[in-house]
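Student: Below is the sequence, then the predicted model.
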Amino acid sequence: MIMTTTTETPSTRRKLRAILHAQYTIALLLLLICAVIGAGLVYGTYISPDTQTEERPTASLSVTSQYTHSATVSESNSIFPVGAELTDRDTYFTRIAPVLDVRAETIYASTDARDLTVEHDAELVVRNVDGGTVYWEETESLSTSETSGLDSGEQATTSFSIDTEAVADRIDAIESELGSSPGSTESSIVTTISVSGSVGGETVDRSTAITMELTPGADTYSVSDPGQQTANFDQTETVTVTESYGPLHTVGGPLLVLLGIGGAALLVTAQRRGVLELTAAERAHMEFLDDRSEFDDWITRIQLPAVALDLPMGRARSLEDLVDFAIDNDVAVVEDPDSGVFYAVTGEYVYTYAPPVVPEEATGGLLSAVVDGSPADSETAQPSDSDESNLDPSAETR
């Protein structure tokens, strides 16, 4: 906020000094706020960054299960010989092959596990349901098996048989006993697969299930095979990680600290050494520049004839006074292109205003003035009203 470059104009530097001098407390407070904000960012980024917890996988276990099923022809017929095996069909014939043979197969895949134990628990579930309402349910165990010492890729199985005619008879008996069937009666084979052992050095005991629908009938029965079903079980660990920050924190924080502390130090030093306060000559020149910019539309750059300068002359104390006088008398304000002196000619008189002398500018600007301990602009004495060489425009133009 205090440092200026040599490319800045003297008037720009003076305006900056005037603003900083007038708003010194506010400017200092803003710089200190920048330093505090920067310090907070630095502290949160480098000293005590935020942390968060996340789950990271340590080992994986994939369990794949499926059903295979078949029915053996047990009754004579003209199509299938007795003893023929009908395999993996959607529909089987109840009269010639009523017994469904089912096999549940399971393998697992893992690079971090071995010697696992796989258990199968198969059940026949018959129930009457309507949407989410279960009116009645009956469960019958079909098979329970356990296979130990399995390595990745090795298979565990369990086998059982279902008499579909007996299932149909049981459904009829239950509905007859209850006297009604409010919902839809369905039957299914549900096999729960449990895998236990050590995976990635940690003890695991995970379960999944596969279901195959069975629809018994007097002439045919059908199965709805789910196909291969895979369940993935990942072993994870909770770790604490440090928050990562972008350039706003990593670069912006230190820059704000440097700007805030460095700027505040320069500002305080400049104020104590009087660098910020404008000299009388500087204030006069800045006031003139403001008036020149404000009244530019009323001023014309013209070289007056010498005879006009021989008229009795009145002197204005400011450019604003001269412009107000010219407006009241409906005359133009003329700026001499060579001397920069302003005139307003009315009949037998000429009124003039000579701008203040431009203060000498220090070559190093504001920063060097603070370092050297001297004002940035050396004060040049402002001419008084008695200084005829400055106030008499004829002395400059003749």
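Tutor: Ah, there it is.
Student: what residues are up against residue 253?
Tutor: 38, 39, 40, 41, 42, 44, 45 (C-beta atoms under 8 Å, 6 or more residues apart in numbering). Using the backbone N, CA and C atoms, a C-beta is placed for each residue, glycine as well.
Student: What is the burial count for residue 167?
Tutor: With neighbours defined by other C-beta atoms under 10 Å, the count for residue 167 comes to 20.
Student: Double-check that it belongs to a helix.
Tutor: Yes. The assignment for residue 167 (DSSP: H, G, I helix; E, B strand; the rest coil) places it in a helix.
Student: pretty sure it is touching residue 125, no?
Tutor: No. At 11.0 Å, residue 167 does not count as touching residue 125 under the criterion of C-beta atoms under 8 Å.
Student: hey, where'd the helices end up in this structure?
Tutor: 10-22, 24-42, 164-178, 247-250, 252-272, 280-294, 306-309, 319-328, 365-372, 388-391, 394-397 (DSSP state H).
Student: of all the ones you listed, which lies closest to residue 300?
Tutor: helix 319-328 (10.6 Å; C-beta to C-beta).
Student: Could you give the average pLDDT over that closest one?
Tutor: For helix 319-328, mean pLDDT is 93.
Student: Please name the bridge partners of residue 57.
Tutor: Counting by DSSP bridges, residue 57 is bridged to residue 236.
Student: Give the burial count for it, as a bare number.
Tutor: Around residue 57 sit 10 other residues, with neighbours defined as other C-beta under 10 Å.
Student: measure the residue nearest the centre of the chain to residue 41 for me?
Tutor: The chain has residue 246 as the residue nearest its centroid, 10.5 Å off, counting by C-alpha atoms, centre = their mean. Relative to residue 41, residue 246 is positioned 11 Å away (C-beta to C-beta, to the nearest Å).
Student: before we move on, the earlier item: per-residue pLDDT, the residue nearest to the centre of the chain?
Tutor: 87.
Student: got the phi/psi numbers for it?
Tutor: Dihedral pair for residue 246: phi -90, psi -170, per degrees, to the nearest 10.
Student: can you list the weak-confidence ranges in this structure?
Tutor: Along the chain, the model assigns pLDDT under 70 to residues 1-10, 360-398.
Student: Please parse it into its domains.
Tutor: Annotated domains of the chain cover 1-50+243-277, 58-241, 279-398 [automatic domain parsing].
Student: any chance of the helices of the chain in a markdown table, with distance to residue 73 too?
Tutor: Shown next, in a markdown table, are the helices of the chain (distance: least, C-beta to C-beta, whole Å):
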| stretch | distance to residue 73 |
| --- | --- |
| helix 10-22 | 104 |
| helix 24-42 | 81 |
| helix 164-178 | 14 |
| helix 247-250 | 77 |
| helix 252-272 | 82 |
| helix 280-294 | 111 |
| helix 306-309 | 135 |
| helix 319-328 | 120 |
| helix 365-372 | 105 |
| helix 388-391 | 131 |
| helix 394-397 | 131 |
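Student: wait, which of these is closest to residue 351?
Tutor: Of the helices of the chain, nearest to residue 351 by C-beta to C-beta is helix 319-328, at 6.1 Å.
Student: so what secondary structure elements neighbour the closest one?
Tutor: Helices and strands touching helix 319-328, as assessed by 3 or more C-beta pairs under 8 Å, 6 or more residues apart in numbering; DSSP states H and E, comprise helix 280-294, strand 333-335, strand 342-346, strand 349-353.
Student: what sits up against it?
Tutor: Against helix 319-328 from outside (C-beta under 8 Å, 6+ apart): 288, 291-292, 294-295, 298-299, 316, 332-333, 342, 344, 351-353, 355.
Student: shouldn't residue 53 be in contact with residue 239?
Tutor: Yes. With contact defined as C-beta under 8 Å, residue 53 counts as touching residue 239 (6.9 Å).
Student: These two: which has the busier surroundings?
Tutor: Between residue 53 and residue 239, counting by other C-beta under 10 Å, residue 239 is the more crowded of the two (11 against 8).
Student: Name the nearest residue to the more buried one, ignoring sequence neighbours.
Tutor: Leaving aside its chain neighbours, residue 239 sits nearest to residue 56 (5.4 Å; criterion: C-beta to C-beta, 6 or more residues apart in numbering).
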